[in-house]
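A.B. asks: generate a structure from the sequence data that follows.
(2 chains)
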2 protein chains.
Amino acid sequence: MSELAERECVPCRGGVPPLKGEQIQTLLSQLADWEVVREHHLRKQYKFGNFREALEFVNQVGELAEAQGHHPDISFGWGQAEITIWTHKIDGLTESDFVLAAKIDKL
Amino acid sequence: MSELAERECVPCRGGVPPLKGEQIQTLLSQLADWEVVREHHLRKQYKFGNFREALEFVNQVGELAEAQGHHPDISFGWGQAEITIWTHKIDGLTESDFVLAAKIDKL
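C.D. replies: Numbers count the residues shown, from 1 in each chain, chains lettered A, B, ... in the order given. The predicted model follows:
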């Protein structure tokens, strides 16, 4: 099995069930410090030394999101950022969400 | 009185009380579509046509924040962004928060 971060986000056209239980745990175990909230979305907080560093990180995530065609929600401010990822089309988690999370951690 | 957007954000060193009631309403009336939440922070939502436009707006706000030395919290995703402004030092609102809001709307 290839590493999560080496895979590509696949556009979700709906019609597939969101990942649950064991499926989520297996993928989550391949990520560092991400949490799954209500089996609905992935979330991770990042700390930075100032506002500029947070903004630069957000831009890197933004470019990655555009390249993958998969867009997280991003919140940030002085010294911190929070990334939230889920698949809006099915209002839940798909493998692509974990792939995007792995790619963000490789930035 | 100069327009809000023409003023500069003044560093808050604490020791001043947060703005209340009438003071807030007078300043808020000079802004467009911002809301004051619990007399504690300013908030405004923006809509965009895609993720890229939201990211570009966020970068403009980020550069403005660095120039003013006053940093809002920024949340954004595909087609939308939300800006939240308050003065952390006094855990409430100062005139500088309204100045930053006015400057954001002039971007």
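A.B. asks: only C-alpha atoms from now on, for both contacts and neighbour counts.
C.D. replies: Fine.
A.B. asks: and chain A, which residues reach chain B?
C.D. replies: Counting by Cα under 8 Å from any Cα of the partner chain, chain A comes close to chain B at A:51-52, A:55, A:59, A:62, A:66, A:71-78.
A.B. asks: out of those residues, which one sits closest to A:G21?
C.D. replies: Proximity of the residues of chain A next to chain B to A:G21 was ranked by Cα to Cα; the top entry is A:P72 with 21.9 Å.
A.B. asks: quick one: residues contacting A:N59.
C.D. replies: B:L55 (Cα atoms under 8 Å, 6 or more residues apart in numbering or on different chains).
A.B. asks: doesn't it belong to a helix?
C.D. replies: Yes: per DSSP: H, G, I helix; E, B strand; the rest coil, A:N59 lies within a helix segment.
A.B. asks: now it: how far from A:R13?
C.D. replies: Distance, A:N59 to A:R13, using Cα to Cα, to the nearest Å: 27 Å.
A.B. asks: try A:L64
C.D. replies: Distance from A:L64 to A:R13, by Cα to Cα: 20 Å.
A.B. asks: A:H70 too?
C.D. replies: Here the distance between A:H70 and A:R13 works out to 12 Å (Cα to Cα).
A.B. asks: counting neighbours, what do you get for A:W86?
C.D. replies: 26 (other Cα atoms under 10 Å in any protein chain shown).
A.B. asks: which element is the nearest residue to A:S96 once chain neighbours are set aside on?
C.D. replies: In this structure, A:S96 finds its nearest non-sequential neighbour in A:C9, 4.5 Å apart by Cα to Cα, 6 or more residues apart in numbering or on different chains. For A:C9, there is no host helix or strand (DSSP states H and E).
A.B. asks: for A:I74, same thing?
C.D. replies: Going by DSSP H and E, A:I74 is part of strand A:73-77.
A.B. asks: mind saving the C-alpha coords of stretch A:56-66 as CSV?
C.D. replies: C-alpha atoms of stretch A:56-66 as CSV (Å, rounded to 0.1, in the frame of the first residue of the first chain):
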residue,chain,number,x,y,z
GLU,A,56,2.7,31.4,4.8
PHE,A,57,1.5,28.0,6.0
VAL,A,58,-2.0,28.9,5.0
ASN,A,59,-0.8,29.8,1.5
GLN,A,60,1.0,26.5,1.1
VAL,A,61,-2.1,24.6,2.2
GLY,A,62,-4.1,26.8,-0.2
GLU,A,63,-1.9,26.0,-3.2
LEU,A,64,-2.0,22.3,-2.3
ALA,A,65,-5.8,22.4,-2.1
GLU,A,66,-6.0,24.0,-5.5
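A.B. asks: no further queries at this time; thank you.
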